[in-house]
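> Provided below for reference: sequence and predicted model.
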Amino acid sequence: MKSYTDIEQSKKLAEILPLESADMAWCNNSIKGVNYTDKFSANLYTVKEMQDVFNEALHGWDKYWELIPCWSLVTLFSLIKDKCGYFEFVYLKRTSDGRANLLEDVYRLSTDIYDVYNKEAVDACYEIILKLHELNLL
């Protein structure tokens with residue numbers, strides 16, 4: 001199960017959500033030295049650490065490193081609950097083709113504006129946030 005947004009989702013949410021709402025960040029910094037980048041990895045930060053990390057990135061990090069805000073599942077739930085009156089999150093098995101013998105595991109995220117079924121809870125939250133943004137409810 002995904003615990004946080006992937007890089008593409010993170011980039012899109014960074015255009016929509018306040019950066020200070022992120023509790024994680026994707027970063028490709030390296031312990032190997034200046035001008036060297038590693039593969040992106042996601043790191044969990046406190047709100048204070050996030051502010052420090054972004055300030056540091058804006059003021060002097062190596063030009064080759066990149067920092068992308070990232071949101072955990074818990075934070076996405078909080079953001080959605082703050083914007084929707086009704087919120088329900090359920091794990092269930094449902095038929096994928098109408099026959100009882102072909103079941104798939106899915107998450108259902110229901111709000112007062114939209115219902116989403118997805119195999120990943122983070123992806124369901126991402127869809128809801130895009131819908132809230134589309135409806136100018138963020």
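Now that the structure is in, tell me what you want to look at.

> and the helices in this protein, which stretches?
In the chain, the helices defined using DSSP state H lie at 7-16, 47-58, 73-83, 121-134.

> pLDDT weak spots in the chain?
For the chain, applying pLDDT under 70 flags the ranges 29-38, 44-48, 50-51, 53-65, 94-104.

> how close does S72 sit to D112?
Separation of S72 from D112 (Cβ to Cβ, to the nearest Å): 23 Å. Using the backbone N, CA and C atoms, a C-beta is placed for each residue, glycine as well.

> oops, could you answer that again for E15 instead?
From E15 to D112 the distance is 25 Å (Cβ to Cβ).

> again with S10
Distance of S10 to D112, computed by Cβ to Cβ: 26 Å.

> for these two, indicate the residue with more neighbours.
A direct count of neighbours by other Cβ atoms under 10 Å for S10 and D112 places S10 higher, at 22 against 11.

> separation between the more buried one and N118?
Taking Cβ to Cβ, one finds S10 at 17 Å from N118.
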